[in-house]
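1. Quick one, fold the following:
(chains A, B, C and D)
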Protein chains: 2
Amino acid sequence: MSERLPLRERKRQRAREQIVKAAFELFAERSYGEVTVTDIAERAQVGRTTFFRYFGDKQEVVFADEQALLRSFADHHRALGTGTPPTLDEALRQLRTVVLAMCDEITSDTDYYLAHLRLVTENPELADRNTRKLAGYADTLVANLREQGASDLVAVLAPQLGLACYRTAQQLAGDDPTALRDAVDAAFDQLTRH
Amino acid sequence: MSERLPLRERKRQRAREQIVKAAFELFAERSYGEVTVTDIAERAQVGRTTFFRYFGDKQEVVFADEQALLRSFADHHRALGTGTPPTLDEALRQLRTVVLAMCDEITSDTDYYLAHLRLVTENPELADRNTRKLAGYADTLVANLREQGASDLVAVLAPQLGLACYRTAQQLAGDDPTALRDAVDAAFDQLTRH
DNA sequence: GTTCCATCTGGAACTGAGTACCACTTTAGT
DNA sequence: ACTAAAGTGGTACTCAGTTCCAGATGGAAC
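-> Prediction:
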């Protein structure tokens, strides 16, 4: 099916993949801060300029694969709407389902998950960026909840609470990907058991 | 009383204040991105090198006055401990008190609050840094709760939930400083009502 | 006041991220 | 095959942030 794409598009995808691959190789060899964009471009056999055409900045390459993932979960969440305006509890039930599915997904490729986690925990700038990504994702959930007719307060609060559970779970699970799912469950349990 | 400090220390404080003052003046005149560190240093009548001695990077100067503030609220929170291990509900009651006090404090200087808010909302990098500051603050609250004997889950979850309420309130209050306090109250209400 | 040390200062030179511009190549459509 | 559009990579630039150093300055001792 990727055969069906126009040549130009295939080339673009290939270049993009090369850059991501080169970047993660280099990040594995030495720390994020010690790898320059020029290094990445050279290994990917691409001009430095081209790197910045594909990724807005050096940090973006670390999150290259996540955009599609996050969008698909926004869709998942939208599909969970019942048509009636959700209360906070209902909204949290929906979010719990979505967050758990997300955990399963991101921990399925353990190597990538760990490499990513290491980068993010060791570099404050990447941690910041990661948080921004999550916040952006939460915003799309806010929009979903508004469409479902939730009150402003519920629509804004629920995703923030879901995020809080997820971040809590991340902190408690540390670098054990198998513990993440249970930790998320525990956090939501604690939260919804009044 | 500042008269009593050694000359060297007074000079340091004065230089610091000059830099912050110069920076905020410039940020008011043109956007954050259009102000260079050299600009700030020149107006503050200080060498560029000196700027970086006082502030780790350009972003730090935006948050110059907040460190002491946040520390004082950590102390406030610590003083609220009852000696018995808190449940989630109790932890949230403590946090609600602290967050409300913080709201009163930061909105008391309306001009500064609005200038700061504008900077943070218009510059993603500053929004990131702001979030990092809040997260660091939350971590000290985690430590407090642990000392009080809270379970790991409660100790980590409660501050995240408090943060979620605060961020929700910020979002709902927009740039109206008088609305912030009530919005925080509403968020905590919604959260703790059964 | 003089001497001496620790600290502070700001200039110069450097690295690396990110941007703007431009000439060159490659793809797509006719 | 021809042309327009899109993609490429090189050069040169600005600015953040670091390192190094020589000179100034405050504090303490005598």
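2. For chain A, which helix or strand comes out least confident on mean pLDDT?
-> Taking mean pLDDT, DSSP states H and E as the measure, chain A has helix A:66-79 as its least confident helix or strand, at a mean of 88.
3. Now the element after that one, going C-ward?
-> helix A:88-106 (DSSP states H and E).
4. Distance from the chain centre to that next one, please.
-> Helix A:88-106 sits 14 Å away from the centroid of its parent chain (C-alpha atoms, centre = their mean, to the nearest Å).
5. what's it packed up against?
-> Packing partners of helix A:88-106 (3 or more C-beta pairs under 8 Å, 6 or more residues apart in numbering or on different chains; DSSP states H and E): helix A:66-79, helix A:124-147, helix A:152-173, helix A:177-192. Heads up, the C-betas are built off the backbone N, CA and C, glycines and all.
6. buried stuff in it?
-> Buried positions in helix A:88-106, judged by neighbour count with 16 or more other C-beta atoms under 10 Å in any protein chain shown: A:88, A:90-92, A:94-96, A:98-100, A:102-103, A:106.
7. shaky segments in chain A?
-> For chain A, the stretches with pLDDT under 70 are A:1-4, A:194.
8. which residue is nearest the middle of it?
-> Centrality entry for chain A: nearest residue to the mean C-alpha point is residue A:66, 4.8 Å, by C-alpha atoms, centre = their mean.
9. so that one touches residue A:133, yeah?
-> Yes: Residue A:66 is within contact range of residue A:133, at 6.5 Å (criterion: C-beta atoms under 8 Å).
10. who in chain A is up against chain B?
-> Residues of chain A lying close to chain B by C-beta under 8 Å from any C-beta of the partner chain are A:88, A:124, A:127-129, A:131-132, A:135, A:152-154, A:156-157, A:160-161, A:163-165, A:167-168, A:171-172, A:186-187, A:190-191, A:194.
11. just the buried members of those residues?
-> With burial judged by 16+ other C-beta under 10 Å, the buried subset of these is A:88, A:127-129, A:131-132, A:135, A:153-154, A:156-157, A:160-161, A:163-165, A:167-168, A:171-172, A:186-187, A:190-191.
12. circling back: what lies in contact with the least confident helix or strand of chain A?
-> A:94-95, A:98, A:101-102, A:105-106, A:133, A:136-137, A:140-141, A:144, A:147 (C-beta atoms under 8 Å, 6 or more residues apart in numbering or on different chains).
13. That helix: which residues count as buried?
-> Buried residues in helix A:66-79, counted by 16+ other C-beta under 10 Å: A:73-74, A:77-78.
14. Show me which residues of whichever strand or helix holds residue A:27 are buried.
-> Using DSSP H and E, the element containing residue A:27 is helix A:7-29. By 16+ other C-beta under 10 Å, the buried positions in helix A:7-29 come out as A:15-16, A:18-20, A:22-24, A:26-27.
15. Tell me which of the helices and strands packed on helix A:88-106 sits nearest to residue A:59.
-> Smallest distance to residue A:59 across the helices and strands packed on helix A:88-106 (C-beta to C-beta): 4.9 Å, for helix A:124-147.
16. tell me the contacts of the closest residue to residue A:192 other than its chain neighbours?
-> Nearest residue to residue A:192, sequence neighbours excluded (C-beta to C-beta, 6 or more residues apart in numbering or on different chains): residue A:92, at 5.8 Å. Counting by C-beta under 8 Å, 6+ apart, residue A:92 touches A:158, A:161-162, A:188, A:191-192.
17. any idea how far residue B:162 is from the residue lying closest to residue A:152 once chain neighbours are set aside?
-> Excluding its sequence neighbours, the residue lying closest to residue A:152 (C-beta to C-beta, 6+ apart) is residue B:172, at 6.3 Å. Noted for residue B:172: a distance of 16 Å to residue B:162, by C-beta to C-beta, to the nearest Å.
18. swap in residue A:134?
-> According to C-beta to C-beta, residue A:134 stands 18 Å off from residue B:162.
19. Please say which of the two ends up with more neighbours.
-> Neighbours per residue, other C-beta atoms under 10 Å in any protein chain shown: of residue A:134 and residue B:162, the larger number sits with residue B:162, 26 against 17.
20. ok, now how distant is that one from residue B:80?
-> According to C-beta to C-beta, residue B:162 stands 13 Å off from residue B:80.
21. Quickly list what's touching both of these two.
-> Residues touching both residue B:162 and residue B:80 by C-beta under 8 Å, 6+ apart: residue B:98.
22. residues touching the residue nearest to residue A:152, list them.
-> A:152-153, A:156, B:179, B:183, B:186-187.
23. how about a cut-off of 10 Å?
-> A:152-153, A:155-157, B:179-180, B:182-184, B:186-187 (C-beta atoms under 10 Å, 6 or more residues apart in numbering or on different chains).
24. How about residue A:165?
-> For residue A:165, the contact set (C-beta under 10 Å, 6+ apart) comprises A:92, A:95-96, A:99, A:183-192, B:157, B:160-161, B:164.
25. Kindly identify which of the buried residues of helix A:7-29 also come near DNA strand D.
-> When the buried residues of helix A:7-29 are filtered against DNA strand D using C-beta under 7 Å from any atom of the strand, the residues retained are residue A:15.
26. Format the buried residues of helix A:7-29 as CSV; extra columns: distance to residue B:43.
-> Below are the buried residues of helix A:7-29 laid out as CSV (distance: C-beta to C-beta, whole Å):
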residue, distance to residue B:43
A:15, 44
A:16, 43
A:18, 46
A:19, 41
A:20, 43
A:22, 43
A:23, 39
A:24, 43
A:26, 40
A:27, 39
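27. What sits closest to residue A:52 if chain neighbours are left out?
-> Using C-beta to C-beta, 6+ apart, the nearest residue to residue A:52 is residue A:37, at 7.6 Å.
28. Residue numbers of chain A in contact with DNA strand D?
-> Counting by C-beta under 7 Å from any atom of the strand, the residues of chain A near DNA strand D are A:8, A:11-12, A:15, A:45-50, A:53.
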